[in-house]
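Engineer: Please work out how this folds:
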Amino acid sequence: MKLLDEALKEVDQIELKLSSYEEMLQSVKEQMDQISESNHLIHLSNTNNVKLLSEIEFLVVGIFIVFFYGCLSGIKFFEGATLFSNHI
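Structural biologist: Numbering: from 1, shown residues only. A predicted model of the protein is given here:
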């Protein structure tokens, strides 16, 4: 009977450890889920920044072309910008 009581105590200790490990693993899982979501949002933000940079570069090059085309042909800058904006 004494051996059975000792075995039950050992089983209880093991169950407590397993329960503790399960809680730790759940916490790690939640943290990994948060990191995954953060990574997704960072990737989305990066993609949007690349698209925005591309659009800004397009506009800057367009303004640059209008400005220098206007200087070479004698068109005032704002008239050339108006022509450019009408083509967008």
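
Engineer: Who are the packing partners of whichever helix in the chain runs longest?
Structural biologist: In the chain, taking DSSP state H as the definition, the longest helix is helix 2-73. Helix 2-73 makes packing contacts with helix 77-87 when contacts are defined by 3 or more Cβ pairs under 8 Å, 6 or more residues apart in numbering; DSSP states H and E. For the C-beta atoms, the positions are set from N, CA and C on the backbone; glycine is no exception.

Engineer: For the helix it packs on, the averaged confidence score.
Structural biologist: For helix 77-87, mean pLDDT rounds to 56.

Engineer: Likewise for stretch 9-27?
Structural biologist: Looking at stretch 9-27 alone, the average pLDDT works out to 96.

Engineer: tell me which residues in that stretch are buried?
Structural biologist: Of all the residues in stretch 9-27, not one is buried under the rule 16 or more other Cβ atoms under 10 Å.

Engineer: and that stretch, how far from the chain's centre?
Structural biologist: Relative to the mean C-alpha coordinate of its chain, stretch 9-27 is positioned 36 Å out (Cα atoms, centre = their mean, to the nearest Å).

Engineer: same deal with stretch 41-49?
Structural biologist: Chain-centre distance of stretch 41-49: 4 Å, with Cα atoms, centre = their mean.

Engineer: Export that stretch to PDB, keeping only CA atoms.
Structural biologist: Coordinates of the C-alpha atoms in stretch 41-49 are reproduced here as PDB (Å, rounded to 0.1, in the frame of the first residue of the first chain):
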ATOM      1  CA  LEU A  41       1.900  43.700 -40.900                       C
ATOM      2  CA  ILE A  42       5.500  44.700 -41.500                       C
ATOM      3  CA  HIS A  43       5.500  42.900 -44.800                       C
ATOM      4  CA  LEU A  44       2.300  44.700 -45.800                       C
ATOM      5  CA  SER A  45       3.700  48.000 -44.700                       C
ATOM      6  CA  ASN A  46       6.900  47.400 -46.700                       C
ATOM      7  CA  THR A  47       4.900  46.500 -49.800                       C
ATOM      8  CA  ASN A  48       2.900  49.700 -49.500                       C
ATOM      9  CA  ASN A  49       6.000  51.700 -49.000                       C
END
